[in-house]
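J.: Please work out how this folds:
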Amino acid sequence: MLFIIIRSIYLIVCAGAAGMFVSSENRPEIVADYPVVSFVVLMLITQAATLLDFGLRRFSLQVISAIYFGLLVGWLLSNLLNQALEPALVNSNYGNLVKILTSITAPYLCVTWLLHTRDDFRFIIPYVEFSKKVKGGRPFILDTSAIIDGRIADMVDTNVLDSELIVPTFVLKELQNIADSKEKLRRNRGRRGLDILARLQADEKTDVRMHHVENGEESKGLSIDQRLVEVAMELGGRVVTNDFNLNKVASVQGVDVVNLNDVANSLKPRYLPGERMQIKVIKEGESVGQGVGYLDDGTMVVCEAAGDLVGTDADIIVTSVLQNSAGRMIFGKLWDHDEH
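T.: Numbers count the residues shown, from 1 in each chain. Now for the predicted structure:
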């Protein structure tokens, strides 16, 4: 509504100014001969600014300010350069040509340089702050398995991640292929991955960017894991996955990996040898006499001499803990109440 009022006032002012000019005594002869045509032409010229206003709405404030600031700096540089060259061009026939070239070239170079680099460094001019758009540190390169897993979206909700999330186009294509699979379970996994990706893009707390990768000759014959490692090396990022094999491949090539299983395991409660816990024995173990139960977070607990306690609760003493990227296992023995 405010813009409508401003444009209406501008239209009225332009009409009044054009009318005064057409009816003034010092008007040009051609205006006196064609007053109506002159009034219409003047109104069209003044209202061109309104059309320009609509066109500028498509550009961001950073782009407009970069152009303005570039023109200003370029004009100052060209004037300084012309003054510096003036003593050498006093008696030259090319003096005017050099001044014209510097006046055109310097603003152009300044504008293009600012437009190309406005996201790479930080500087401030009135009402506008240019800053690098990448949040946090090194970006995270998402693997297909990490997207389908869904825990990356939960991590974003906890405000732990502040870096840019990058999804290569070949990962998105693989997700689409999985979602179009004829196998129901595989199709559901693909659709879940696409839903998780849409959830990440809708989250305002993180930046998700699609990284376009050309399918050139160099990518032929390479697996998805190898191409992910190449993208991480190119962008200086870290691969996010729960694939054990990709974890090893990336580590061998010096690429940092964030394994979601390792992250989940690191957040599980710590149990030290000698601590007591209570579990429900679910089934018999692989060895004779072993009983197997699970904690609330899914950690497997193997207890010696508990094979005959299936379906009941048992108090056990932790004897050792085994942990790797595949998960965590706790080993224990039955708690002897008489010994304590």
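J.: Please count neighbours and contacts with C-alpha atoms only from this point.
T.: Will do.
J.: which residues touch the nearest residue to Ala179 once chain neighbours are set aside?
T.: Spatial nearest neighbour of Ala179, excluding adjacent residues (Cα to Cα, 6 or more residues apart in numbering): Gly190 at 3.9 Å. By Cα atoms under 8 Å, 6 or more residues apart in numbering, the contact set of Gly190 is 148, 175-180.
J.: Next one: Gly190 from Glu174, what distance?
T.: 9 Å (Cα to Cα, to the nearest Å).
J.: So what's the residue count around Val310?
T.: Neighbourhood size, Val310 [other Cα atoms under 10 Å]: 17.
J.: If you could redo that for Tyr94, that was the one I meant.
T.: Tyr94 has 10 nearby residues by other Cα under 10 Å.
J.: sorry, back to before: and the residue nearest to Ala179, that one's in a helix?
T.: Yes: counting by DSSP: H, G, I helix; E, B strand; the rest coil, one finds Gly190 located in a helix.
J.: Torsion angles phi and psi at Val90?
T.: phi -60, psi -50 (degrees, to the nearest 10).
J.: any idea how far it lies from Ala84?
T.: In terms of Cα to Cα, Val90 sits 11 Å off from Ala84.
J.: who's in contact with Val171?
T.: Applying Cα under 8 Å, 6+ apart, we find Val171 in contact with 143-144, 224.
J.: typed the wrong thing, it's Ile224
T.: Here Ile224 is in contact with 170-171 (Cα under 8 Å, 6+ apart).
J.: give me that answer again for 10 Å
T.: Each residue near Ile224 by Cα atoms under 10 Å, 6 or more residues apart in numbering is listed here: 143-144, 170-171, 174, 230, 246.
J.: do the same with Glu86
T.: Residues near Glu86 by Cα under 10 Å, 6+ apart: 80, 92, 95, 98-99.
J.: What of Asp315?
T.: 276-280, 303, 332-337.
J.: Identify the farthest-apart pair in these.
T.: Lys280 and His337 (17.7 Å; Cα to Cα).
J.: Please say which of these two ends up with more neighbours.
T.: Neighbour count, other Cα under 10 Å: between Lys280 and His337, Lys280 has more, with 18 against 7.
J.: Would you list the phi and psi of the residue nearest to that one when sequence neighbours are not counted?
T.: The shortest distance from Lys280 to any non-neighbouring residue, by Cα to Cα, 6+ apart, is to Asp313 (4.2 Å). The phi and psi torsions at Asp313 (degrees, to the nearest 10) take the values phi -90, psi 140.
J.: Quick check: Asp313 touching Tyr294?
T.: No: between Asp313 and Tyr294 there is no contact under Cα atoms under 10 Å: 11.3 Å.
J.: Buried among the contacts of Gly190? Need that as a selection in ChimeraX.
T.: Only the buried entries of the contacts of Gly190 go into this ChimeraX selection, using 16 or more other Cα atoms under 10 Å:
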select :148,175,176,178,179
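J.: which residues are in contact with both of Gly190 and Glu174?
T.: By Cα under 10 Å, 6+ apart, the residues touching both Gly190 and Glu174 are 144, 180.
J.: Can you tell me which of the contacts of Glu86 is closest to Asn26?
T.: Lys99 (37.0 Å).
J.: In contact with that closest one, which residues are there?
T.: 78-79, 81-83, 85-86, 89, 105.
J.: again, only using 6 Å
T.: Asn82 (Cα atoms under 6 Å, 6 or more residues apart in numbering).
J.: Surely it is within a helix?
T.: Yes: Lys99 sits within a helix when classified using three-state DSSP.
J.: And it, what's its pLDDT?
T.: Note on Lys99: pLDDT of 81.
J.: now Lys184
T.: So Lys184 comes in at 90 (pLDDT).
J.: now do Ile125
T.: 51.
J.: Dump stretch 186-197 to PDB, restricted to CA.
T.: The C-alpha coordinates for stretch 186-197 follow below in PDB (Å, rounded to 0.1, in the frame of the first residue of the first chain):
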ATOM      1  CA  ARG A 186      13.600 -50.400  -1.600                       C
ATOM      2  CA  ARG A 187      11.000 -48.000  -3.000                       C
ATOM      3  CA  ASN A 188      10.000 -47.000   0.500                       C
ATOM      4  CA  ARG A 189      13.600 -46.400   1.500                       C
ATOM      5  CA  GLY A 190      14.100 -44.100  -1.500                       C
ATOM      6  CA  ARG A 191      10.900 -42.100  -0.800                       C
ATOM      7  CA  ARG A 192      12.000 -41.800   2.800                       C
ATOM      8  CA  GLY A 193      15.300 -40.400   1.700                       C
ATOM      9  CA  LEU A 194      13.600 -37.800  -0.600                       C
ATOM     10  CA  ASP A 195      11.300 -36.800   2.300                       C
ATOM     11  CA  ILE A 196      14.300 -36.300   4.600                       C
ATOM     12  CA  LEU A 197      16.000 -34.200   2.000                       C
END
